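1. Need the 3D shape of this:
(chains A, B, C and D)
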There are 2 protein chains.
Amino acid sequence: MVDNLRFLVEQLKAVSHPLRLRVLALLAVGEYCVCQVAEVLQVPQSSVSEALKELRRAGFVRERKEGRWVFVSTTPASEASPLLQGLLAEVAPLPETLQDRTQAEAVKALALPIPCPASKVQHG
Amino acid sequence: MVDNLRFLVEQLKAVSHPLRLRVLALLAVGEYCVCQVAEVLQVPQSSVSEALKELRRAGFVRERKEGRWVFVSTTPASEASPLLQGLLAEVAPLPETLQDRTQAEAVKALALPIPCPASKVQHG
DNA sequence: TCGACATATCGAAACTTTCCGATATATCCA
DNA sequence: TGGATATATCGGAAAGTTTCGATATGTCGA
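-> Sure, this is the predicted structure:
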């Protein structure tokens, strides 16, 4: 149950934005670090950082810090608001949300094992 | 199924606004004419008119013209998008969405038979 | 300590939205 | 037709949002 109107409005504002919704769609697929999100969605890193700030404020995403990387993911279903659950259901099956180019490219971007710098550094 | 990201963003924008969400909450209760909405929510009639324009664009409300009155209601459940259905479920039980004053007053506003000018004119 | 790299914050121009009084349009009834 | 009333649209000032390069902060390994 939502406890007040203003918070619901803030949640809705957080996702009524193309980039933020695309980020949410990507995170519906799995956990990524910030630089992967920027790479897949082809937007400046600062834009991703600001988008994530809003999504965090609204309680839609979680962060896990690991060394110099920040891994982001959607809040677990058990803790997600009904709004978030509904959005994820609508947005997750839309590869078009990921890229503004062709659908084919978007699917490719999703299917690829997006290289995270962290993975290259494991054995240092 | 949503057919594109941009339309979903437009839908979300339409409701990420305090007045528009309050209008939706009121319409979850039933059908009202525009001037009743303005009266209950205590906002200028032009503001209600613009709010309804947005909600209509997003497919959230329907209008029924009857003489000089326009009666508005939420789109029937059978045609409502999943987003609208979810929103109505969250927003309908919130009397606080109706007025910014006290909850008591809000409930009162809801409970009262809000006088519509149309009803006073029936027998002419 | 340094250089490299991941991320956050700042700054400021461009753009969009919000708000509401004034005014236009539409409908009714006499 | 004219006056009353319901609704829509306009105008435009104020406030808010978006965007992204530049820069700051933090973390690592050497």
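2. Going along the chain, name the helices of chain A.
-> Using DSSP state H, the helices of chain A run over residues A:5-15, A:18-29, A:34-41, A:45-57, A:82-91, A:103-111.
3. Point out the one among those helices that comes closest to chain B.
-> helix A:5-15 (3.5 Å; CB to the nearest CB). Quick note: C-beta positions are derived from backbone N, CA and C, even for glycine.
4. Run the chain-centre distance for that closest one.
-> When distances are taken as CA atoms, centre = their mean, to the nearest Å, helix A:5-15 is centred 17 Å away from the chain's centroid.
5. now the angle between helix A:18-29 and it, please.
-> Counting by axes from the mean of the first three to the mean of the last three CA atoms, to 10 degrees, helix A:5-15 lies at 90 degrees to helix A:18-29.
6. just checking, what packs against helix A:5-15?
-> Other helices and strands packing on helix A:5-15, by 3 or more CB pairs under 8 Å, 6 or more residues apart in numbering or on different chains; DSSP states H and E, are helix A:18-29, helix A:45-57, helix A:82-91, helix B:5-15, helix B:18-29, helix B:82-91.
7. ok, 6 Å please
-> Here helix A:5-15 touches helix B:5-15, going by 3 or more CB pairs under 6 Å, 6 or more residues apart in numbering or on different chains; DSSP states H and E.
8. what's the helix it packs on in contact with?
-> Residues outside helix B:5-15 that contact it (CB atoms under 6 Å, 6 or more residues apart in numbering or on different chains) are A:L12, A:V15, A:S16, A:P18, A:T97, B:V2, B:L21, B:E54, B:L55, B:A58, B:L83.
9. Any residue of that helix touching DNA strand D?
-> No. Legend: contact between helix B:5-15 and DNA strand D by CB under 7 Å from any atom of the strand is lacking; minimum distance shown is 8.4 Å.
10. Name the residues of that helix that come out as buried.
-> Neighbour-count burial for helix B:5-15, counted by 16 or more other CB atoms under 10 Å in any protein chain shown, picks out B:L5, B:L8, B:V9, B:Q11, B:L12, B:K13, B:A14, B:V15.
11. Buried deepest among the helices of chain A, which one?
-> Scoring the helices of chain A by mean neighbour count under mean count of other CB atoms under 10 Å in any protein chain shown gives helix A:18-29 as the most buried, with a mean of 22.
12. relative to helix A:34-41, how tilted is that helix?
-> Here the directions of helix A:18-29 and helix A:34-41 differ by 110 degrees (the same axes, to 10 degrees).
13. mean confidence for helix A:18-29?
-> If you average the pLDDT over helix A:18-29, you get 91.
14. is that helix anywhere near DNA strand C?
-> No. Using CB under 7 Å from any atom of the strand, helix A:18-29 stays clear of DNA strand C, with a minimum separation of 11.4 Å.
15. ditto for stretch A:5-15
-> No. Stretch A:5-15 does not reach DNA strand C (CB under 7 Å from any atom of the strand); its nearest approach is 8.3 Å.
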